[in-house]
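> have a look at this prediction, sequence included:
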Amino acid sequence: ITDGKDKLFFLPRDNRLIKEGLEVSAAFEEDIAFIEKNGFKLSKKEFFGYEYIYRTDDFVKIEGKEFRDFRKAVNKFQKNNNYSIKYSYDKYRVVEFLNKWAAQKNMDNKSELTVKSFKEEYNSSIKAIDLIDEIPTRQIYVEVNGELAGFALFLPIRKDLWVCLMQKTNYFYKGLSRFLYTLKANEMNGIEYFTTGAS
C-alpha cells in the first residue's frame, strides 16, 4: 500500500487493505479505534490541528451578516477581473504556477520549522499535480486575462462530506480565494458538509 516515502491521504475504504507498515496522513478517531481493535499497534500518532467542518449550502448561498465581507470580496473579484473558469489544465502550466506561487512567499526571517513546513507543502503540491490523473479529484482553475490565477483540487470522501485537498491562488487577486470557495461549493452542492483540512 505504501513505499514508505509517500503516505496515503486517508485509510483505504476497504478495511482488508489495512496492514502492517501502512502510513496514513490523516485519520478520524473511528479509524484509529478500528485499527487498534483489530490488533494493530500504532507506532506514532500526531495531532496536527483542528479540522473545521462547514456546511456546503452556506458557501453556495453566501447569505446573511456573517458572509457580508465574504460576499463583498467575491463580488469585487468578479467585477474587477476578466476571468474564465476551466475544469482541467495542462500539468506543466500548473507546476509553473506553483513555482510563481512559492516565489510570492517571503521566507526571510521565518523560523526553521516554518521554512521546513513551507517546503513540504510545496513539494507535496508538486507531487499531487503529478498524480492528478490517478486521483479521482474534481478540479477548478481560474484564469485572469488568460493566465492561471488560482486553482483547487477537491473530492467527496463520504456521502455527506467532501474535502478540499489543495487550493492555491496568486495573492495579487483579492477575493479569488473566496471566489474559489463558492465555485467548489456549487460543484459539490448536495453533499452536506466539507472541510479544508486541519489548521
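Received it, and whenever you're ready, just let me know what you need.
> A149 and D133: what is the separation?
Using CB to CB, to the nearest Å, A149 is found at 23 Å from D133. To be clear about C-beta, it is placed using only N, CA and C from the backbone, and glycine gets the same treatment.
> just V142 next, same as before
Counting by CB to CB - V142 and D133 are separated by 21 Å.
> more neighbours, these two?
Set V142 next to D133 and count neighbours by other CB atoms under 10 Å: V142 wins out with 22 against 9.
> what about that one, which helix or strand?
If you go by DSSP states H and E, V142 is part of strand 138-144.
> now that strand - C-alpha only, PDB.
Extracted as PDB, the C-alpha positions of strand 138-144 are listed here (Å, rounded to 0.1, in the frame of the first residue of the first chain):
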ATOM      1  CA  ARG A 138     -12.600  17.400  -9.100                       C
ATOM      2  CA  GLN A 139     -10.600  20.400 -10.400                       C
ATOM      3  CA  ILE A 140     -11.300  24.100 -10.900                       C
ATOM      4  CA  TYR A 141      -8.900  26.600 -12.500                       C
ATOM      5  CA  VAL A 142      -9.500  30.300 -12.700                       C
ATOM      6  CA  GLU A 143      -7.600  32.300 -15.400                       C
ATOM      7  CA  VAL A 144      -7.400  36.100 -15.300                       C
END
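> now that strand: mean pLDDT?
Across strand 138-144, pLDDT averages out at 97.
> for the next helix or strand after it, which strands pair with it and how are they oriented?
For strand 138-144, the succeeding helix or strand toward the C-terminus, using DSSP H and E, is strand 147-158. Paired with strand 147-158 in the same sheet, following DSSP bridges, are strand 138-144 (antiparallel), strand 161-169 (antiparallel).
> secondary structure class of the residue lying farthest from the centre of the chain, three-state.
Within the chain, G39 marks the point farthest from the mean C-alpha position, 32.1 Å out by CA atoms, centre = their mean. Secondary structure, DSSP: H, G, I helix; E, B strand; the rest coil: G39 is coil.
> done for today, thanks.
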